[in-house]
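Asker: sequence first, predicted model second:
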Amino acid sequence: MKVFINKRIPEIGIQKLEEAGLEVTIPKEDDLKQEEWLKYCQNADMILNVGQNKYEKDFFEQCPNIKAIALYSVGFDHVNIDEANKRKIPVGNTPDVLSKATSDVAFLLMQTVARRASYYFEKVKSGNWGSFDPLQELGQELYGKTLGIFGLGRIGFEMAEKCKKAFDMNIIYHNRNRNEEAENTLDAKYVSFDDLVKSSDVLSIHANFTDEETYLFNASVFRKMKPDSIFINTARGGFHNQKDLYNALIEKEIWGAGLDVTNPEPIEDHDPILELSNVCILPHIGSATVEARNGMAKLAAENLIAFSKGEKMPHCANP
Ligand code: DGY
């Protein structure tokens, strides 16, 4: 069977696929144009997808040969799972292996914003170290503060655990389902969405994104947050309305924001949020560690190999 991989992944994944007797095609160009990408897909039996290519009804109609898709990501918001289900196409994803790395980035952003590190870094880089000033541009400490997690799954749990251990933060969360492990081991409290927004000193998003949650975090939500609170999004840019977030920061409705995901991605270079000193923005690097990316390559390959043997994918996004 033929596997199309649209971008090079760590060798461990390619090696596994080839050892399993699968024929792997990887184009030389890194960023294929849509038509070229589609042509490669039309010539393949299975896809190992890197990035946010969209798999909607028209894709499945144009590529009737595709039998399985393995995503090189835990998120599967770019795939219309109902359309895949109609055609009995399994869609694999890569949970767990990136939970530590992604929650590390949420933790990093939280501290960066709390201590105004990106502002000070820019000062140093531009030759404006300045003299010791007891009052100017002070950061804030996180000890004993309240961390609100929106979406307490694997990544949210890792973030909550780190915050508990490092700063003895109180954990509150809002989720589709109750997370008993977090309630028992981290003393996490389930709260309504409204209470989460109103009570969090740090509000961190770790949920799977669906279209219904587009701009869930908007002007009316930011207005309810505490003026000293920090907004962190390492999940998907679609969760927040970036213009509303900018306004909330300018109006000092919240203290600062840390984003590893933006809307759109890459962020537009004239987006005014880039000018704000109380914001730290990273280019979607949550899983960008050697360990996580190797793990993702391994899981994505294992998903396709299992399918090629007529077995169920070990990590499947289809219900
Ligand atoms: C994921 O795995 O979903 C990351 O966000 C990379 O897309």
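Answerer: Yep, it's here. Residues are numbered from 1 along each chain as shown.

Asker: can I assume Cys41 sits in a helix?
Answerer: Yes. Counting by DSSP: H, G, I helix; E, B strand; the rest coil, Cys41 is found in a helix.

Asker: now do the residue nearest the centre of the chain against Asp96, distance only.
Answerer: Nearest to the mean C-alpha position of the chain, by CA atoms, centre = their mean, lies Ala235 at 3.1 Å. The gap separating Ala235 from Asp96 is 16 Å, by CB to CB, to the nearest Å. Every C-beta, even on glycine, is put in place using the N, C-alpha and C of the backbone.

Asker: please apply the same query to Val50.
Answerer: Applying CB to CB, the value for Val50 to Asp96 is 19 Å.

Asker: give me phi/psi at the closest residue to Tyr55 other than its chain neighbours?
Answerer: Using CB to CB, 6 or more residues apart in numbering and skipping the chain neighbours, the partner closest in space to Tyr55 is Val79 (4.3 Å). The phi and psi values for Val79, taken as degrees, to the nearest 10, are phi -120, psi 130.

Asker: now do the same contact list for Val79.
Answerer: The contact partners of Val79, by CB atoms under 8 Å, 6 or more residues apart in numbering, come to 54-55, 69, 71, 91, 317.

Asker: and for Lys224, nearest residue in space, chain neighbours not counted?
Answerer: Looking at Lys224 with CB to CB, 6+ apart, the closest residue is Val197, at 4.9 Å.

Asker: can you get me a residue count around that neighbour?
Answerer: Val197 sits with 23 neighbouring residues when counted by other CB atoms under 10 Å.

Asker: please apply the same query to Ile273.
Answerer: Residues near Ile273, counting by other CB under 10 Å: 19.

Asker: unless I'm mixing things up, it is touching Gln242, no?
Answerer: Yes. Contact criterion CB atoms under 8 Å: Ile273 and Gln242 qualify, at 6.2 Å.

Asker: contact residues of this protein facing the ligand?
Answerer: Within the chain, the positions near the ligand by CB under 6 Å from any ligand atom are 73-75, 98, 286-287.

Asker: return the subset of these lying in helices.
Answerer: Here DSSP state H is the test, and the residues of the chain next to the ligand give no hits in helices at all.

Asker: who wins for neighbours among these?
Answerer: Within the residues of the chain next to the ligand, most neighbours by other CB under 10 Å means Leu98, with 27 neighbours.
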